[in-house]
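Peer 1: I'll drop the sequence and a predicted model, then ask my questions.
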Amino acid sequence: MKTIVVVDDEPIMGNLLEFQLTEAGFKPHYFQKAKDALEQIPGLQPDIIISDIMMPEMDGYEFHRRLRQNPETGHIPFIFLTARTGKEDELAGLELGVEDYIGKPPVIEILVKRIEKVLERSRQRKRSRSEAVFSGNLSQISLHRFVYIIEVSRKTGELSFSGIQNDTHASIWFQEGYFIKARHGKLTGKEALYELMAERDGFLEFYERPVDESSQKKMDNNAILLKGEYFLEKSKELYVCFPYRQARLSLAVDPISPKVVQRGGKRSFQTVKAMIEGGKTVREIVNNGLISSSRAATILVLLHHEGLLKAEAPGTRTGRSKHVEGIAPEILEVLRMAEKEALTGKLSLSADEGTSEIHFKNGVIVHAIHGSTRQRKALYRIFRKNGCTPQIVTDTDVNKNGMHWPLAFLLEEGGREATTLQRLKPNIFQRKLRLNGPALRAAPEVTQKPAVRHILPLVHEFGTIDRILDASLMTDLQTLKYISAMVRREYLLYTD
């Protein structure tokens, strides 16, 4: 008799399913809360789990994610049962690796047939995995470790990936312990390897079998892994350089320094350059499918650091109004005058926090300083300074590298940030936070996100929201949004 766990916050639906599945010959266990189910599932070891999506405290997506992070429960087949029948919801579930997606209330005969099909697919996967020489989960053991085991044992065969992002099938082939080829979606060779190095979850299986790749050259495992790590580390700066992934880019200088081209790879650089010239957005360039996303992101970061890229922000308004809510009128007037007359110089304001400057190059804002803060964060803090007398000093040396956003966009976003922050209660900024260690350890993919990795150490070091905002490299509103999201998911906890 197959054991089934049913999770649904509606008792009527849950109890009905429990009764119907019992009548159909299964052994169901019903839970109203996902949290309670998580505690019991390791002991029950059900053959399949059926869960609603829209539930309080912990939704179905989070429930599924936590199960997949636990080696004792990550293999259990999972079906989403929900009243939400939109295609986007269904795709979201299937992309997570969920085996099936059924609308509610279900017809029991159809549900039983779906359960039987999912269980059969699960049995087939288990038979396939039993043939593997060794296997494991990326959340528990790194790709580097798998490669090391294959290399020292000089094995020949295929390392197969399943359950990775977007549920794409991928493989790496080895000849006597060395890379000879790889495939990940449309990517092949080294680019596929670099893309796979970014995966933090999924199942790996190594099959020892002959590989007819005599024409393929063996690759230096260590050199490839080191190069891939460089791309991964550098690509983490992309969010800071380009917060808006829908921004379109243009090259400020051409030809580009050979040093930049060499570090990104000549052929890959030409690919990225062609996409920039073709009007592609940052998101489209990074997810181009021609080179790995980490290499593409690294090339954009390198070009940004050299001051060679200009970004056209999405949704930029061409029209003007005399007043922008949240921005000091005296500052607004000077900014528009500097743009109109294409000034080069510095706008200075007296500030208790120290230096407060906005740098222009031909009327375009390229840099800002406000106390210890820099760039857009500093600029938006300057926007909120009322009662100042701004002074412009022209024809001086200015920092030419940095921001290249149109003034209309900066005013729009800066004004929106100012008005949002003004509506918050002042005492919110004095609240203290701490890290929720168990929740963060259970969500390693969350801590890999660049913005989260940036904020978590600041929470640990500074505690109060105002000090975290001061230390963050992101704008105040961007930082607050991430803090708010992490508090809602209980990755951060208030201590007061």
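Peer 2: Perfect, thanks for sending it. Numbering: from 1, shown residues only.
Peer 1: what is the neighbour count of G103?
Peer 2: 14 (other C-beta atoms under 10 Å). Glycine gets a C-beta too; all of them are placed from N, C-alpha and C.
Peer 1: I'd like the distance between it and F19.
Peer 2: As judged by C-beta to C-beta, to the nearest Å, G103 and F19 stand 20 Å apart.
Peer 1: and Q175, by the same measure?
Peer 2: Distance, Q175 to F19, by C-beta to C-beta: 57 Å.
Peer 1: the two: who's more crowded?
Peer 2: Using other C-beta under 10 Å, the more surrounded residue of Q175 and F19 is Q175, with 20 against 13.
Peer 1: what bridges to that one?
Peer 2: Beta-bridge partners recorded for Q175 (DSSP bridges): Y178.
Peer 1: now it: how far from L159?
Peer 2: Counting by C-beta to C-beta, the gap from Q175 to L159 is 12 Å.
Peer 1: now for the helix or strand hosting R295, which elements pack on it?
Peer 2: Following DSSP states H and E, one finds R295 within helix 293-305. With contacts defined as 3 or more C-beta pairs under 8 Å, 6 or more residues apart in numbering; DSSP states H and E, the packing partners of helix 293-305 are helix 189-197, helix 221-235, helix 238-241, helix 258-264, helix 266-277, helix 282-286.
Peer 1: among the ones you listed, show me which one is buried the most.
Peer 2: The highest mean neighbour count among those, using mean count of other C-beta atoms under 10 Å, belongs to helix 189-197: a mean of 23.
Peer 1: can you name the residues in contact with that one?
Peer 2: The contact list for helix 189-197 (C-beta atoms under 8 Å, 6 or more residues apart in numbering) reads 143, 161, 164, 170, 172, 179, 181-185, 187, 219, 224-225, 227-229, 231-232, 290-295.
Peer 1: please redo it, this time with the cut-off set to 7 Å
Peer 2: Helix 189-197 has contacts (C-beta atoms under 7 Å, 6 or more residues apart in numbering) with 143, 161, 170, 172, 179, 181-184, 187, 224, 228, 231-232, 291-295.
Peer 1: how about the helices and strands packed on helix 293-305 in JSON lines, adding distance to R66 and mean pLDDT?
Peer 2: Formatted as JSON lines, the helices and strands packed on helix 293-305 follow (distance: least, C-beta to C-beta, whole Å; pLDDT from 0 to 100):
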{"stretch": "helix 189-197", "distance to R66": "24", "mean pLDDT": "92"}
{"stretch": "helix 221-235", "distance to R66": "25", "mean pLDDT": "91"}
{"stretch": "helix 238-241", "distance to R66": "26", "mean pLDDT": "74"}
{"stretch": "helix 258-264", "distance to R66": "38", "mean pLDDT": "81"}
{"stretch": "helix 266-277", "distance to R66": "37", "mean pLDDT": "90"}
{"stretch": "helix 282-286", "distance to R66": "28", "mean pLDDT": "90"}
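Peer 1: which one of those lies nearest to A451?
Peer 2: Closest approach to A451 among the helices and strands packed on helix 293-305 (C-beta to C-beta): helix 238-241, 5.7 Å.
Peer 1: which elements pack onto the helix or strand that the closest one is followed by?
Peer 2: Sequence-wise, the next helix or strand downstream of helix 238-241 (DSSP H and E) is strand 248-251. Where contact means 3 or more C-beta pairs under 7 Å, 6 or more residues apart in numbering; DSSP states H and E, strand 248-251 is packed against helix 266-277, strand 309-312.
Peer 1: in CSV: the ones you listed, plus distance to Q32.
Peer 2: As requested, these are exported to CSV (distance: least, C-beta to C-beta, whole Å):
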stretch, distance to Q32
helix 266-277, 50
strand 309-312, 49
